[in-house]
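[1] Quick one, fold the following:
(chains A and B)
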Amino acid sequence: MSETVVKLTDVWKIFGDRAEEAMSAVKSRDIGKPEVLSEFQCVVGVQGATFEVARGEIFCIMGLSGSGKSTLVRHVNRLIEPTAGTIEILGQDVSTMSKGDLRRVRAQQIGMVFQHMALMPHRSVRENVAYPLEIRKIPKSKRWAVSDHALGLVNLTGYEDRLPRELSGGMQQRVGIARALASDPEILLMDEPFSALDPLIRLQLQDQFKALVAQLKKTTLFITHDLDEAIRIGHRIAIMKDGVIVQIGTPEQIVMEPADDYVREFVQGISKLKLVKAHSIMQSLGEHQGSLDGAPRADHSADLDQLIDLAVTTDLPVVITEDGTDVGIVTKPRLLRGIQGGKDD
Amino acid sequence: MTDATTELKVTAASDIEVDNEALDGSIREFAEVNGDYYVKAFHKIHDNTGFLPATFNLWAAVVGPMWAASRAVWGMFWGFLILEIIAWVQIGRGLWGTPGAEFLERAASQAETMQRRLDQAAAATDDATRERFTQLADNMQRAIDTNMERVELAQAEASGIMLTGLAMLVVFKLIQGFYANTVYEKQYSRWRIDPDSTESGRSTRNIVLGAVLTLAIAPLVIYRFTVNASMAVLETFPEQQISTLILGEGNGTLFGAVASWMEARIDGAALAGDDVFDGIVSGVRTVLDGLTVALNGSPWPVVMVVIAVTAWRAAGPRVAIFTVAAMAYTALLGYWALAMETVALVGAAVLLCVVIGIPLGIWFGKSKRAYRMAEPVLDLMQTLPAFVYLIPIIAFFGTGNPPGILATIIFGMPPVIRLTALGMRGVPESIKEAAVAFGASRWQLLKDVEVPLALPSIMTGVNQTILMCLSMVVIISLIGGGGLGQEILEALQFAAKGPGLLGGFAILFLAMVMDRIVQGAFRRKDQQD
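    You can find the predicted model right below:
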């Protein structure tokens, strides 16, 4: 894709008093997590994480609790100091930055949303949203205008003067999003923002959020423990287990080509209808003996859902086209297997 | 997941067989010695559904507390050691005691008198005198008889006491026998949860410890209560003798030596730090003078109006009416100037407490190590009786109002420090993290997040500090503090009931007004936020 905004290179985080020793032992002797714990009484939080996020991309980090995903994302704005590795934001190395520069980056280039909202209970909604600007000592008139605009983006106009506790959970989290957007940052860090909400509100907010980010072109790191959410929102997904990134890929790649059993187990229950595209299940044209006249045609980027719609109208296979030329076919058995998740015949 | 090798069966709770092997092994490991016995005993206890335990531990019954000691059941050891000693004391009193000793003595002396009377009767020359002495001797004989009867009664009672003691002993032994295993099973449960800090098994060390404790305690106690005549050494601590032993003959007591040493040290320190202490006193005096000028220097109608309006604005009309009534009480009874002096004293103390206490509290809230170091000092400040530290305060700072304020600060500052620290620690991590994530500096974090969120707790601390300072008002009059406290002290010295009560009520109203105004102010602030 285009320009890289966030770049992590071999980032390690080891918790404990003897983290440095443990780190050098890991580097020199290549010992694993249990040895680090038994030898140095240190816990490995993140092991050699490396990835890049491009401008405008939504990058989901998915893993169960304790997998190190929250720890990892806190390295981006250095809420947690890395034990080793480099973190770059827009070409600047965050890991060696001075305290003042770091605060400037946090205030201007990174917006963060938290699982438990973390709104200040003694300030109105507007003043909560305006707080990142207040930190930058922007005058009140400007702050309020920006804050009201941000609240408009999340459809909370009219609630500016309320206190956070007067709002429902979903609304509070929208305030959290507005606060993260207020200083118009390049990067959004979303730390399980919708996990504490009930399912219907969660679905709504996911859709709103996706539309908003697409419109504002924010680069987003989105943490979640819910694979459905990751697939719905993310352009790419990184799956973490015990501090290690197991696989990085598009939702389709993750579902169709899981890197190991751990990922496979995860994706088992995921509906493939909207994920799997025609080109990943199509067969060569020669597979079908006989005429393809009158067979329905679909673009190679059509998903299974669309293919099913076409397939039910005819007994013939669906012909897949690319730039107007036929490139392959999808037969009914193939389609059904595709729905099952690419099981071989 | 799909190719699970172990087959799971759903079983009704009643059909589940108890897997004893693991349990038995664990009990054996716990008991170490006599494992099989305890396995059986614990199983009986586990299976028991009734109230009475179904096991009897013979050893626990026979050797009593020594069994408990050997098994490190120390609670049982102490409890039954004391109970058994009580039983043994009863038995001892019955066996070796001399019950009715005083009656026997009396009878003996009466027998002497009777003998004298009989002699006198024998030596009498005329019948009338002989008659009289014989009569007296007869009377004596009757008195002796009564006393001897009493002695017999007491001796009969003695065997009763002994029997009671025996019965108690048997009952205690039975209780120990029946409940030893139950108690031990409880210890076993604790051991399963926390094997590192719960003792298990039977150790020689514990047996020796139990024996030593028993030997040190039991004989002395039984001796002291059984035998009427006792050793003087056991009655009072021989501090005189020990003093002589350490200091030599005629050099006074240990107490005297330590006390005079401390006096010299304090005098030396007071002299050495003269400038520092004078500086502190003059600093406190400046604050006090400012407040006194404001409260007592200003015309009284101005002060009254200001107070009434403050009460109204801060806490509403009801508190304002109460405030006016309280002011009328103090003014009409002639306490106005004294009351204002008290307010100035308390005000200066609270001001200094807050100015020093809140920053300290913030520091302690942020640094766990600092708080750990400060906590014993804070405890000391609050628990040390005020009378104790009045003495060093006099030594270092002299007498009068400023030293009084210093004493008040010592007593009144801990709540504001503690509650500030508590409030700081109660600020949710997530909100602090959010502020940091948006680029807040440490100072911005403190002023925008931590202090505002800790404010309710801080204000509770300030309120408590005010009340604690008020409670010191009377005590500091002992070292020359003025105001209403002095009035009360004088009334106390002359046992003047009327003036004392009136002054007491004046202080009470003062406290209530201050409390209501401050609380009202904080509550309003909360509502605004």
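
[2] Thought A:G338 was touching A:I308, still the case?
    No - assessed by C-beta atoms under 8 Å, A:I308 is found out of contact with A:G338, at 9.6 Å. Using the backbone N, CA and C atoms, a C-beta is placed for each residue, glycine as well.

[3] more neighbours, the two?
    Just comparing A:I308 and A:G338: by other C-beta atoms under 10 Å in any protein chain shown the higher neighbour count belongs to A:G338, 24 against 16.

[4] Distance-wise, check that one relative to chain B.
    Between A:G338 and chain B the computed distance is 22 Å (C-beta to the nearest C-beta, to the nearest Å).

[5] what comes up buried for the helix or strand encompassing that residue?
    Secondary structure assignment for A:G338, by DSSP states H and E: helix A:332-340. Within helix A:332-340, the residues scored as buried using 16 or more other C-beta atoms under 10 Å in any protein chain shown are A:K332, A:R334, A:L335, A:G338, A:I339.

[6] ok, now stretch B:426-438?
    B:V427, B:I431, B:K432, B:E433, B:A434, B:A435, B:V436, B:A437, B:F438.

[7] From the residues you listed, list the ones also adjacent to chain A.
    Counting by C-beta under 8 Å from any C-beta of the partner chain, the subset of these that neighbours chain A consists of B:I431, B:E433, B:A434, B:A435, B:V436, B:A437, B:F438.

[8] so of those, which ones are in helices?
    The helices, defined by DSSP state H, take in B:I431, B:E433, B:A434, B:A435, B:V436, B:A437 from those.

[9] How about A:E322: what's its closest non-neighbour residue?
    Among residues not flanking A:E322 along the chain, A:H300 sits closest, at 4.7 Å (C-beta to C-beta, 6 or more residues apart in numbering or on different chains).

[10] Of all residues in the chain, which one is nearest the centre?
    You didn't say which chain, so I picked chain A. For chain A, the residue nearest the mean C-alpha position is A:C60 (1.7 Å; C-alpha atoms, centre = their mean).

[11] nope, chain B please
    The centre of chain B sits closest to B:T383, judged by C-alpha atoms, centre = their mean, with a distance of 10.1 Å.

[12] Below-threshold pLDDT in the stretch 201-345 of chain A: ranges please.
    For the stretch 201-345 of chain A, the stretches with pLDDT under 70 are A:341-345.

[13] all helices for it, in order.
    Under the criterion DSSP state H, counting those that start in this stretch, the stretch 201-345 of chain A contains helices at A:227-233, A:251-256, A:261-267, A:278-281, A:304-311, A:332-340.

[14] B:V346: how many residues sit nearby?
    Using other C-beta under 10 Å, B:V346 is surrounded by 27 other residues.

[15] For whichever residue of the stretch 151-300 of chain B sits closest to chain A, which three-state class applies?
    The nearest approach of the stretch 151-300 of chain B to chain A comes at B:D196, 17.3 Å away (C-beta to the nearest C-beta). Here B:D196 is coil, with the state taken from DSSP: H, G, I helix; E, B strand; the rest coil.

[16] ok, back up a step: thought the residue nearest to the centre of chain A was touching A:I239?
    No - counting by C-beta under 8 Å, A:C60 stays clear of A:I239, with 9.1 Å between them.

[17] Lowest average confidence across helices and strands of chain B, where is it?
    The weakest-scoring helix or strand in chain B, judged by mean pLDDT, DSSP states H and E, is helix B:232-235 (a mean of 72).

[18] C-alpha coordinates for it, CSV please?
    Taking Å, rounded to 0.1, in the frame of the first residue of the first chain, the C-alpha atoms of helix B:232-235 are listed here in CSV:
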residue,chain,number,x,y,z
ALA,B,232,7.7,-12.3,97.8
VAL,B,233,9.6,-12.5,94.5
LEU,B,234,6.5,-13.8,92.8
GLU,B,235,4.2,-11.1,94.1
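
[19] quick one: contacts of it?
    B:L220, B:Y223, B:R224 (C-beta atoms under 8 Å, 6 or more residues apart in numbering or on different chains).

[20] Below-threshold pLDDT in chain B: ranges please.
    Confidence mapping of chain B against pLDDT under 70 gives the ranges B:1-19, B:97-99, B:228-230, B:524-529.

[21] Could you list the domains of it?
    With domains defined by automatic domain parsing, chain B comprises B:20-99+B:157-226, B:244-272, B:275-528.

[22] Just put the ones you listed in TSV and tack on distance to A:Q47.
    Shown next, in TSV, are those (distance: least, C-beta to C-beta, whole Å):
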stretch	distance to A:Q47
domain B:20-99+B:157-226	32
domain B:244-272	60
domain B:275-528	23
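
[23] which one of those lies closest to A:S70?
    Closest of the domains of chain B to A:S70 is domain B:275-528, at 10.6 Å (criterion: C-beta to C-beta).

[24] pLDDT weak spots in the stretch 1-150 of chain A?
    Residues of the stretch 1-150 of chain A meeting the criterion pLDDT under 70: A:1-2.

[25] Flag every residue of it that's near chain B.
    A:77, A:79, A:103-108, A:110-112, A:114-122, A:131-132, A:134-136.

[26] No further queries at this time; thank you.
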